[in-house]
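Participant: Sequence and predicted structure are below.
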Amino acid sequence: MDNNVRHKLKAEQLDVPLLLLLDWQHLYNRAIRQASRLPKLEAPPEASEDVHDTGPTDEKSREGKQKKNNGKRSEQEDADYDMLLAQVTKSKTAGVDREHIEFAEERLREMRKQGMHVNEGCNKENLRELMQWGKVTRCESTVDNEPCKAMPDCPCNEEVNCGEVLQIVPNAVQQCLREFGPEGDRELFDELSGSASAVEEGSVWKAGGKLIFSAFDRNQSVQALTRMLNNAGRTRCVRMLMQMVKYSEAEYGGYVTAIQINFHLTGESFHAQHRDIYSAKQRAGPSCTCTFKKCVGTVCYTVGSSRQCLLETMTDTFSAIKPCGADCTGRRERRWLHSGDAMYFNEAWNANHTHGIPAMENGQDTGPRISVAFLLGAE
Ligand SMILES: [Zn+2]
Ligand SMILES: [Zn+2]
Ligand SMILES: [Zn+2]
């Protein structure tokens with residue numbers, strides 16, 4: 001797939017924000033209004049301004065956006081901080097005037113002073129309350145495999161298509177982290193949730209239906225994350241993550257180019273269906289803070305509660321799979337991911353499918369899960 005084709009990937013299928021056509025002046029004005037707590041003159045825009053996730057806006061989050069719960073910030077205000085931060089990050093590499101960047105950074109500082117960088121539900125108290133190993137739930141049930149019903153021998157129903165690799169390996173975390181104890185999955189869960197409480201508030205932030213734990217500036221390189229963790233004295237956590245980097249590269253080849261740690265506090269959280277991004281060229285959204293480079297695949301480790309992963313076979317222009325006809329329904333498959341599991345897929349699989357973590361039915365009964373995903377690049 002060449003870069004031109006990649007470029008045309010629809011935003012909603014990628015793990016990047018929608019292309020936001022906002023100019024600097026608009027952002028400044030909004031930031032100033034908020035920094036000075038002036039009332040907004042305009043209604044919040046209908047279009048989603050969620051920073052990292054392009055997932056469906058469900059009823060609940062719509063409500064949340066409109067509700068001004070007793071003086072607390074709205075999700076819209078969260079999104080404003082998120083977007084301004086991402087704009088500044090991007091502008092630094094895009095040669096935007098120093099003066100403009102400094103102006104925006106000053107606004108960010110003011111917003112931080114007012115706690116606007118801590119998204120709804122991302123304060124340490126809430127994280128400490130929910131991210132406990134004692135709340136972890138394990139779940140096993142038969143899963144639906146919904147093949148294309150239009151035609152039994154539809155190309156979508158092919159188990160493995162040319163070049164595709166998809167593997168789910170049980171107990172990979174325990175294997176990788178065995179020198180840290182017999183329950184490496186639990187050790188990692190405890191270290192990461194402990195680290196989230198130890199570092200500066202705002203390092204866990206809301207992205208679509210789930211939370212991301214990253215360096216404070218939202219840089220998702222391993223280096224940025226481990227630097228922050230080391231500064232907070234979380235050396236054991238760093239050693240575990242570095243061991244996982246080493247293990248992933250040895251096991252799957254390539255080099256780790258980015259890390260994404262997701263926190264799912266309960267089964268109500270979700271990660272919308274998407275493809276992973278394997279080229280910097282795709283990083284088109286102005287609110288994207290990723291530094292992803294060309295990759296050969298993704299390995300994602302689960303620790304904590306079991307969740308289902310939804311795998312959807314795609315027949316769009318980026319997929320090599322052709323629909324069986326106009327009535328093709330595609331194929332949907334759900335796979336359980338349990339604590340310690342590694343899920344790996346390569347670029348070919350990623351092109352032909354989307355993946356995501358749907359919200360659970362009765363999601364409040366499902367405990368916390370952390371996923372640690374590494375993007376593997378060729379160089
Ligand atoms: Zn992904
Ligand atoms: Zn991004
Ligand atoms: Zn079909």
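Facilitator: Nice, thanks for sending it over. Ligands and ions are numbered 1, 2, ... in the order given.

Participant: how many other residues sit next to residue 91?
Facilitator: 18 (other Cβ atoms under 10 Å). The C-beta positions use only the backbone N, C-alpha and C, and glycine is treated the same way.

Participant: nearest spatial neighbour of it, skipping sequence neighbours?
Facilitator: Nearest residue to residue 91 in three dimensions, chain neighbours excluded: residue 101, at 5.6 Å (Cβ to Cβ, 6 or more residues apart in numbering).

Participant: can you check residue 324 too?
Facilitator: Per Cβ to Cβ, 6+ apart, closest to residue 324 is residue 154, 3.7 Å.

Participant: Next, residue 297: phi, psi?
Facilitator: Backbone geometry at residue 297, expressed as degrees, to the nearest 10, gives phi 170, psi -180.

Participant: Could you check the pLDDT of it?
Facilitator: If you check residue 297, the pLDDT there is 93.

Participant: contacting residues for it?
Facilitator: By Cβ atoms under 8 Å, 6 or more residues apart in numbering, residue 297 lies in contact with 165, 252, 254, 344-347, 349-350, 375-376.

Participant: and those residues, which of them are in strands?
Facilitator: In strands, defined here by DSSP state E, the members of the contacts of residue 297 are 344-346, 375-376.

Participant: Determine if any part of stretch 200-220 is in contact with ligand 2.
Facilitator: No. Stretch 200-220 does not reach ligand 2 (Cβ under 5 Å from the ion); its nearest approach is 7.6 Å.

Participant: now that stretch, how far from the centre of its chain.
Facilitator: 9 Å (Cα atoms, centre = their mean, to the nearest Å).

Participant: Look up how far ligand 3 lies from residue 325.
Facilitator: 7 Å (Cβ to the ion, to the nearest Å).

Participant: who wins for most neighbours among the contacts of residue 297?
Facilitator: Counting by other Cβ under 10 Å, top hit in the contacts of residue 297: residue 375 with 28 neighbours.

Participant: dump the residue contacts of that one.
Facilitator: Listed by Cβ under 8 Å, 6+ apart, the contact partners of residue 375 are 256-260, 276-278, 292, 295, 297-298.

Participant: Rebuild these as JSON lines, extending it with secondary structure.
Facilitator: Formatted as JSON lines, the contacts of residue 375 follow (DSSP: H, G, I helix; E, B strand; the rest coil):
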{"residue": "256", "secondary structure": "strand"}
{"residue": "257", "secondary structure": "strand"}
{"residue": "258", "secondary structure": "strand"}
{"residue": "259", "secondary structure": "strand"}
{"residue": "260", "secondary structure": "strand"}
{"residue": "276", "secondary structure": "coil"}
{"residue": "277", "secondary structure": "coil"}
{"residue": "278", "secondary structure": "coil"}
{"residue": "292", "secondary structure": "coil"}
{"residue": "295", "secondary structure": "strand"}
{"residue": "297", "secondary structure": "strand"}
{"residue": "298", "secondary structure": "strand"}
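
Participant: Please tabulate those residues in JSON lines, including the columns distance to ligand 3.
Facilitator: Output for the contacts of residue 375, formatted as JSON lines (distance: Cβ to the ion, whole Å):
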{"residue": "256", "distance to ligand 3": "36"}
{"residue": "257", "distance to ligand 3": "35"}
{"residue": "258", "distance to ligand 3": "34"}
{"residue": "259", "distance to ligand 3": "36"}
{"residue": "260", "distance to ligand 3": "32"}
{"residue": "276", "distance to ligand 3": "24"}
{"residue": "277", "distance to ligand 3": "27"}
{"residue": "278", "distance to ligand 3": "26"}
{"residue": "292", "distance to ligand 3": "31"}
{"residue": "295", "distance to ligand 3": "29"}
{"residue": "297", "distance to ligand 3": "26"}
{"residue": "298", "distance to ligand 3": "26"}
